[in-house]
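S.K.: Starting from these lines, generate the structure:
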Amino acid sequence: MRKLPFYLTKSRFKTALECPTKLFYTDKENIYANKKSEDEFLMALAEGGFQVGELAKLYFPDGYDVKPLAYDESLAETAQQLKNHKIAIYEAAIQFDQFFIRVDVLNKNGSDVELVEVKAKSFDPADPDFTYKRSSFIRPGWRPYLFDVAFQTWVTQQAFPEWNITPYLMMADKTKVASVDGLNQLFRIRVVESDSGRKECEYIGTKDQELGDEILTKVDVTEYVEQIWDGKSVPDDKRLGDELLPFADRARKYAKYYKEDIKLGTPIGTHCKDCEFRTEAGSALQSGYEECWKEQVGSHFSVDEPHIFDIWDNRDKETLLHNKIYLIRDMKDGYSFSGKRGPRKDLQVLKVQNNDESEFIDPDLFLEMDRWTFPLHFIDFETSMVAIPFYAGKRPYEQLAFQFSCHTYYDTGSVTHSEWISAEAGEFPNYDFVKALKTVLDQDEGTVFRYAAHENTVLNQIRKQMIDEGNSELDELIDWIPTITIIDKDEPPPERAMVDMLQLVQNYYYQKDMGGSNSLKSVLPTIMNHSAFIKNKYAQPMGYGTHLRGEIVWQNNNNNGKAVDPYKLLPPLFEGIDISSDTYLDGKGLIRDGGAAMMAYMLLQFSDLDSDIRKRIVKGLLKYCELDTLAMVLLYEHWKSLSESKYPC
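M.R.: Take a look at the predicted model:
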């Protein structure tokens, strides 16, 4: 069960805003599964949240850092420092009644107090966009941040009514430019040796370290905090349930129910789709999500059956829930989705209801394939966008492209592989990245493939960087990028514009095992389990590739007779390396998604990284990216085999 005392903290208040019922499941790690803690940690790493918080402290020099995690100790230390007339306190602990908060920065000058909440979010002072253009209501994307500050300000005002408090958000200003190299590398994540194994960010620079121009901006959000307190953050006709309560009453209600461990009955709705209290297969923990649905829908409800939430791009969720339709099998015959994507969604429903395992493939796909020019190039990029720039002259969240993989498929069926990576610390990669990519793709006029819009977006962002730099030596690359990318959607695409395989999947291909996902990570296992061609070819050691040559990609899962997901065959990035004290990755050292790859790149930017560790990280990155483009090749080969079987020459 939970540990005393039963305070409502800012994170618990945020959880309650998402869904009050979640308060009952919160902080019961031994009872209920909770995916959010790990996800939020990895997200904070990927976006640079830990580093931004530490950098913000340096903007308030000579402050006092309240280190203790224990409530009583941190409150006592904060109270001692508040005796100073003028003081900046980092992680100031404040308690009122059943409420407890830690303020990122509390800047006190007598009774005038700045309450500063630091966020790794980009901000443009010229276009604050806190509210809608045509109304004063707060935009949904800003509500979690502003409600967080509103809660902290309210608790602090209750605890210290004599203070004049001004609330601020401090964020990465995307109009600012880093004026020194290596700013990001001054901050390291380390695992604290304790029972909790908590992570924290450590500033490794000296007290007199040159930080250059400030890249974080402090924004006064008083008017939005007061708007939230007054219940004017959203239109009256959009306020439901607890949103109708005055702010203080709402906070007190959540504090009471959390303390008394009472479950608030929140009606099921679209907010349930992203509930973190779900279990993985084989988990001994309970599922709060399943518990809620069975209590409100009935014990017959099964989380193992396809849900209406699983339907791709389902814009009808609220209507279906209103009509008490929760599972795809319960959708009535004749129900049809509207819009351009409607037929594809209807197809998914039909496949589920009929338990139809067959693949759907629109013959128009084969017409598309006939237009492609050999050799075919399948490309994938690994990129990084962090709040604190690695290099001077760059802005927060400016795009960095540090790696690509390219598989080239010839009309003879032979395949070659090319790759590029920037592995050394301190090297701005973008222009060399494009130069290397051009070298690979300019050897012929073959069709180029991407999966989703990312590669197109990245190349356009790098092109803008080149143009802004005004270096004539980059003109050739500036002129080349538009030959394979779409610059303006309103203009005709170039003759060699990259083909998006994601759109091909969405338009022409579906199999029930994909569920509502069209991602390559979902499509790959599907084709491996339904393609005799892929099984026959890749159950043998790979005859091509760089780091995957000789590997057996199609391996049988003895538990269910299906193919093992190839991404799960990748070894941990830090296998055999002690990463207990210093890492940007999760404790398992896994590199199976772009976020982990981005964090690995961060680690490579430390010049003092052991050379052996650097080599192992680079090898892991190269294997991962190579598998991404190999997956695209497998998808193409599967479609090609279907084409040949249906339309033999």
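
S.K.: CA only for contacts and neighbour counts going forward, please
M.R.: Will do.

S.K.: Can you name the next helix or strand after the helix or strand of the chain with the lowest mean pLDDT?
M.R.: One helix or strand of the chain scores below all others by mean pLDDT, DSSP states H and E: helix 36-47, with a mean of 60. Downstream of helix 36-47, the first helix or strand assigned by DSSP states H and E is helix 49-58.

S.K.: Tell me which helix or strand comes right after that following helix.
M.R.: In N-to-C order, the element after helix 49-58 by DSSP H and E is strand 64-65.

S.K.: Could you pull out the buried residues of the helix or strand just after that next one?
M.R.: Per DSSP H and E, the first helix or strand lying C-terminal to strand 64-65 is helix 71-81. Neighbour-count burial for helix 71-81, counted by 16 or more other Cα atoms under 10 Å, picks out 71, 74-75, 77-78, 81.

S.K.: May I have helix 71-81 as PDB, with CA atoms only?
M.R.: C-alpha atoms of helix 71-81 as PDB (Å, rounded to 0.1, in the frame of the first residue of the first chain):
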ATOM      1  CA  TYR A  71       9.200  15.200   3.000                       C
ATOM      2  CA  ASP A  72      10.200  16.400   6.500                       C
ATOM      3  CA  GLU A  73      13.800  16.900   5.700                       C
ATOM      4  CA  SER A  74      13.100  18.900   2.600                       C
ATOM      5  CA  LEU A  75      10.500  21.000   4.300                       C
ATOM      6  CA  ALA A  76      12.900  21.800   7.200                       C
ATOM      7  CA  GLU A  77      15.700  22.800   4.800                       C
ATOM      8  CA  THR A  78      13.400  25.000   2.800                       C
ATOM      9  CA  ALA A  79      12.100  26.700   5.900                       C
ATOM     10  CA  GLN A  80      15.600  27.400   7.100                       C
ATOM     11  CA  GLN A  81      16.500  29.000   3.700                       C
END
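
S.K.: ok, residues contacting it?
M.R.: If you take Cα atoms under 8 Å, 6 or more residues apart in numbering as the criterion, helix 71-81 is touched by 64, 66-68, 87, 89, 92-95.

S.K.: Go ahead and measure how far that helix is from the middle of the chain.
M.R.: 35 Å (Cα atoms, centre = their mean, to the nearest Å).

S.K.: measure residue 71 to residue 94 for me?
M.R.: Computed as Cα to Cα, to the nearest Å, the residue 71 to residue 94 distance reads 9 Å.

S.K.: ugh, wrong one, residue 430
M.R.: Taken as Cα to Cα, the span from residue 430 to residue 94 is 45 Å.

S.K.: Also residue 600?
M.R.: Residue 600 is 36 Å from residue 94, by Cα to Cα.

S.K.: more neighbours, these two?
M.R.: Shown here are residue 600 and residue 94; by other Cα atoms under 10 Å, residue 600 has more neighbours (25 against 21).

S.K.: Thought residue 617 was touching the more buried one, still the case?
M.R.: Yes. Contact between residue 600 and residue 617 holds when scored by Cα atoms under 8 Å: they sit 7.0 Å apart.

S.K.: So for the host helix or strand of residue 381, what gets flagged as buried?
M.R.: Per DSSP H and E, residue 381 falls inside strand 376-384. Neighbour counts using 16+ other Cα under 10 Å place 376-384 of strand 376-384 among the buried residues.

S.K.: of those, closest to residue 136?
M.R.: residue 384 (34.4 Å; Cα to Cα).

S.K.: Could you look up the SS state of residue 5?
M.R.: coil (DSSP: H, G, I helix; E, B strand; the rest coil).

S.K.: residue boundaries of the strands in the stretch 301-450 of the chain?
M.R.: 360-361, 376-384, 400-409, 415-421, 448-450 (DSSP state E, counting those that start in this stretch).

S.K.: Any chance of the ones you listed in a markdown table with mean pLDDT as columns?
M.R.: Listed next are the strands of the stretch 301-450 of the chain as a markdown table, based on pLDDT from 0 to 100:
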| stretch | mean pLDDT |
| --- | --- |
| strand 360-361 | 96 |
| strand 376-384 | 96 |
| strand 400-409 | 97 |
| strand 415-421 | 98 |
| strand 448-450 | 98 |
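
S.K.: Save these as JSON lines, and put in distance to residue 476 too.
M.R.: Shown next, in JSON lines, are the strands of the stretch 301-450 of the chain (distance: least, Cα to Cα, whole Å):
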{"stretch": "strand 360-361", "distance to residue 476": "41"}
{"stretch": "strand 376-384", "distance to residue 476": "21"}
{"stretch": "strand 400-409", "distance to residue 476": "18"}
{"stretch": "strand 415-421", "distance to residue 476": "20"}
{"stretch": "strand 448-450", "distance to residue 476": "19"}
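
S.K.: Of all those strands, which one is nearest residue 113?
M.R.: Of the strands of the stretch 301-450 of the chain, nearest to residue 113 by Cα to Cα is strand 376-384, at 36.4 Å.

S.K.: Relative to that closest one, what are the paired strands and their orientations?
M.R.: According to DSSP bridges, strand 376-384 forms sheet pairs with strand 400-409 (antiparallel), strand 448-450 (parallel).

S.K.: Out of these, which one sits most buried?
M.R.: Mean neighbour count (mean count of other Cα atoms under 10 Å) peaks for strand 400-409 among the strands paired with strand 376-384, with a mean of 24.

S.K.: rewinding a little: could you find the lowest-pLDDT member of the contacts of helix 71-81?
M.R.: Least confident by pLDDT among the contacts of helix 71-81: that is residue 68, with 80.

S.K.: Now that one: closest residue in space that isn't a chain neighbour?
M.R.: Excluding its sequence neighbours, the residue lying closest to residue 68 (Cα to Cα, 6 or more residues apart in numbering) is residue 74, at 5.3 Å.
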